[in-house]
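Q: Mind looking at a prediction? Sequence and model below.
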Amino acid sequence: MDALNSDSPEVITTAGFTEFKTTNGVTYKRRKGTVIWKPIQSAPPAKSLTAEDAAYLTLYLVRYYQSPEEPLHWALAISPTQEFGGHINFTAILEVRGDTESMYFNPCTEYVPVSLLPDLHSVYSLTKMNLEDSRKVKEIAELEPPPHAPNRKEIKENCQNWCVRVVQKLVEHNMVDSKHVTSMKELMEPIL
């Protein structure tokens with residue numbers, strides 16, 4: 001076994017289900033519980049943006065692990081598109097949080113690329129966009145009411161339903177292809 005794939009004494013940091021370590025100046029990652037470390041590729045120099053390069057951001061559906069008994073948590077994320085500076089380490093998260101009886105809009109920024117978000121289950125690209133479009137997406141998400149129910153028995157929606165509603169509004173604004181709404185509905189899990 002080589003030094004990289006052994007449990008050598010380097011410092012290992014953890015973010016969600018991913019472990020990181022640096023050996024000989026190269027940073028590696030692996031899923032907790034696995035053996036093989038994979039290098040995190042350094043990004044090529046960022047391409048200079050021109051007027052034709054309008055779609056330098058990507059809107060994603062992001063699904064996160066929760067406790068084993070709970071359905072996946074869904075959020076929308078805006079992050080730099082790989083070919084236009086995907087090495088820039090930020091992701092704007094648009095999500096609702098809280099008890100399913102009284103959720104609230106909770107936008108935040110994670111300072112990692114979308115592929116390294118903590119507790120990440122899966123990521124789906126919905127559309128590419130420019131900065132002006134991303135502002136419109138944030139505005140639409142902020143205006144979309146979070147799920148709410150007077151009591152636990154009457155809960156009919158969760159974060160997954162909220163994401164579908166936001167993307168449906170984006171379809172109405174010709175920002176996202178309607179096929180994504182269909183795909184998202186197929187991924188939805190029952191509300192517990």
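A: Sure thing, it's come through.
Q: Centre-most residue in the protein?
A: residue 62 (3.5 Å; C-alpha atoms, centre = their mean).
Q: pretty sure that residue is touching residue 114, no?
A: Yes. With contact defined as C-beta atoms under 8 Å, residue 62 reaches residue 114; the gap is 6.7 Å. C-beta coordinates here come from the backbone N, C-alpha and C atoms, glycine included.
Q: Which neighbours do these two have in common?
A: 77, 123 (C-beta atoms under 8 Å, 6 or more residues apart in numbering).
Q: ok so the residue nearest to the centre of the chain is a strand residue?
A: Yes. Counting by DSSP: H, G, I helix; E, B strand; the rest coil, residue 62 is part of a strand.
Q: OK, contacts around it?
A: Counted by C-beta under 8 Å, 6+ apart, residue 62 has contacts 74-77, 93, 114, 117, 120, 122-124.
Q: and those residues as a markdown table, adding neighbour count and pLDDT?
A: Listed next are these as a markdown table, based on neighbours: other C-beta atoms under 10 Å; pLDDT from 0 to 100:
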| residue | neighbour count | pLDDT |
| --- | --- | --- |
| 74 | 23 | 96 |
| 75 | 24 | 97 |
| 76 | 23 | 97 |
| 77 | 19 | 95 |
| 93 | 19 | 93 |
| 114 | 22 | 86 |
| 117 | 22 | 86 |
| 120 | 18 | 91 |
| 122 | 12 | 94 |
| 123 | 16 | 95 |
| 124 | 13 | 96 |
